[in-house]
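Any chance you could fold what I've pasted below:
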Amino acid sequence: MNVLVATDGSKYGRWALNWVAKLPLVEPPRVTVLHVLDIAALRAPFLAQPVMAGNEPYIQEEIQRMEARAAKTLKEATQQLASLKLKGTARKEQGAVAPVILKRAPKRDGFLVVGSQGLDALERFMLGSVSTNLIHHATCPVLVIKGEAAPLRRISLATDGSDASAKALAFVLTKFQPNRSTGKGRQVPIHVSVIHVMPFVKYPGLKEAGRRLVEQSVRKLIMAGFTAEPVCQLGKPAEVIMKVASKQHADLIVMGAKGLGAVARFLIGSVSTRVVQHASCAVLVVR
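Numbering: from 1, shown residues only. Have a look, this model is predicted:
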């Protein structure tokens, strides 16, 4: 399995690589750690605009600083790969961050890992975070991490009957081992809560179809060796998914992303985008 870990030298990049090492993957990952150097986004102190002519000394100083940080980031990533016993390499490329990451993301049999925050708060405010950009445009699954890695004990799996949510279930079934080690020589099953959010409509047939969908997913997970339970609730999808995940202390939310179109995302935001932006745990978005 090919895994691309995007890092900017912050703690989120280090956490992302730790997550890859902790995930109960069926197949050992082949990891590429990518650091993107975006010199075009260079800014003068306290300014939102790109640096203009007349500030050449500052530009050269900042480029040297960015190059030094990039070298330090690659050295630390290489050392971290070795300490985690992960097979892979660390590399640097130049360009706009999100487009370069998307270009290098796995085309098949793999996923992308990125932190939910980075070094440039001003750019996040003006243009949206890199992680949000990636979940909108990546064709492979994207794992957005929020904190330090821990053994995967509980998963919240959102399903709505779409092809995207079916792919999310398939990812869990085929890419994750159903058991985790307790550290005492024992294996215990990973628990999956299958969440289906039903609309506020008085239509028994729709609710029954939702329950059947969840029960089918639960049966597949149990047959694969996981423990699983159905969770059917009324409400707004993003809010319910995050509430259930928080209540059950989920380590990871897994969900599909169908995409709403640019206008709908701008006006209300897609469910996956809202969950990625506001959930307190890691989120894996599968397409």
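
where in the stretch 51-200 of the chain is pLDDT low?
51-56, 117-128, 200 (pLDDT under 70).

quick one: the strands in it?
For the stretch 51-200 of the chain, applying DSSP state E, counting those that start in this stretch gives strands covering 87-94, 110-115, 142-145, 154-158, 179-181, 187-189, 191-198.

Quick check: chain neighbours aside, which residue is closest to G147?
Distance criterion C-beta to C-beta, 6 or more residues apart in numbering; nearest residue to G147, sequence neighbours excluded, is W15 at 6.5 Å. For the C-beta atoms, the positions are set from N, CA and C on the backbone; glycine is no exception.

before we move on, what SS does that neighbour have?
helix (DSSP: H, G, I helix; E, B strand; the rest coil).

Please apply the same query to the one 4 residues further on.
Here W19 is helix, with the state taken from three-state DSSP.

That one and I145 touch, don't they?
Yes - between W19 and I145 there is a contact under C-beta atoms under 8 Å: 5.1 Å.

Distance to V286 and mean neighbour count added to the strands of the stretch 51-200 of the chain, as JSON lines?
Below are those laid out as JSON lines (distance: least, C-beta to C-beta, whole Å; neighbours: other C-beta atoms under 10 Å):
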{"stretch": "strand 87-94", "distance to V286": "22", "mean neighbour count": "15"}
{"stretch": "strand 110-115", "distance to V286": "8", "mean neighbour count": "25"}
{"stretch": "strand 142-145", "distance to V286": "8", "mean neighbour count": "26"}
{"stretch": "strand 154-158", "distance to V286": "10", "mean neighbour count": "25"}
{"stretch": "strand 179-181", "distance to V286": "21", "mean neighbour count": "15"}
{"stretch": "strand 187-189", "distance to V286": "21", "mean neighbour count": "14"}
{"stretch": "strand 191-198", "distance to V286": "14", "mean neighbour count": "23"}
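
Distance to E229 added to those, as CSV?
Formatted as CSV, the strands of the stretch 51-200 of the chain follow (distance: least, C-beta to C-beta, whole Å):
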stretch, distance to E229
strand 87-94, 36
strand 110-115, 26
strand 142-145, 23
strand 154-158, 10
strand 179-181, 17
strand 187-189, 12
strand 191-198, 6
